[in-house]
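Visitor: quick check, what structure comes out for this input:
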Amino acid sequence: QVQLVESGGGLVQAGGSLRLSCVASGGTFSNSARAWFRQAPGKEREFVAYSNWRGIRTYYADSVKGRFTISRDNAGNTVYLQMNSLKPEDTAVYYCAAGQRSDYYTAEYGYWGQGTQVTVSS
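Guide: Numbering: from 1, shown residues only. Reported below is the predicted structural model:
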């Protein structure tokens, strides 16, 4: 059974940093693209960051470009999201995804984690 488990969320002041992790199990993810999305209360889930299976191609939402970095470990099972210079508008539940089915920025992935809450206070 495929499972994605996120961790690393929490409460941080504006300007601070957090590092999210997403561990995949139950499948072969070393050659799978991975992505991060987020969903704030009352809003739709939105794309945050993407990494192709080798980690060579990465894409970011304009709102996080230059502040967030997606990376993955050598085995490819764990993907990270380093978030720096956090802003209150970054507050959301962050989800990792695998099993890309369409364009990288669409929420059409086969597997999702349960989400981890990130709250940025002003």
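
Visitor: F47 reaches Y105, doesn't it?
Guide: Yes. At 4.2 Å, F47 and Y105 qualify as touching, with contact defined as Cβ atoms under 8 Å. Just so you know, the C-beta spots here come from the backbone N, C-alpha and C atoms, and that holds for glycine as well.

Visitor: quick one, strands of this structure?
Guide: Remark: strands assigned in the chain by DSSP state E are 3-7, 10-13, 18-25, 34-39, 46-51, 58-60, 68-72, 78-83, 92-100, 109-112, 116-121.

Visitor: can those strands go into CSV with extra columns for mean neighbour count and mean pLDDT?
Guide: Formatted as CSV, those follow (neighbours: other Cβ atoms under 10 Å; pLDDT from 0 to 100):
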stretch, mean neighbour count, mean pLDDT
strand 3-7, 17, 95
strand 10-13, 13, 98
strand 18-25, 19, 95
strand 34-39, 24, 97
strand 46-51, 22, 97
strand 58-60, 16, 97
strand 68-72, 19, 96
strand 78-83, 22, 96
strand 92-100, 22, 95
strand 109-112, 17, 93
strand 116-121, 17, 98
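
Visitor: how about the closest residue to T106 other than its chain neighbours: which residues does it bridge to?
Guide: Closest residue to T106 apart from its sequence neighbours, by Cβ to Cβ, 6 or more residues apart in numbering: F47 at 7.5 Å. Applying DSSP bridges to F47 gives these bridge partners: F37.

Visitor: now do the contacts for F47.
Guide: 35, 37, 61, 104-107 (Cβ atoms under 8 Å, 6 or more residues apart in numbering).

Visitor: by neighbours, which of these wins?
Guide: A35 (27 neighbours; other Cβ atoms under 10 Å).

Visitor: surely that residue touches W53?
Guide: No. With contacts defined as Cβ under 8 Å, A35 does not count as touching W53, sitting 11.7 Å away.
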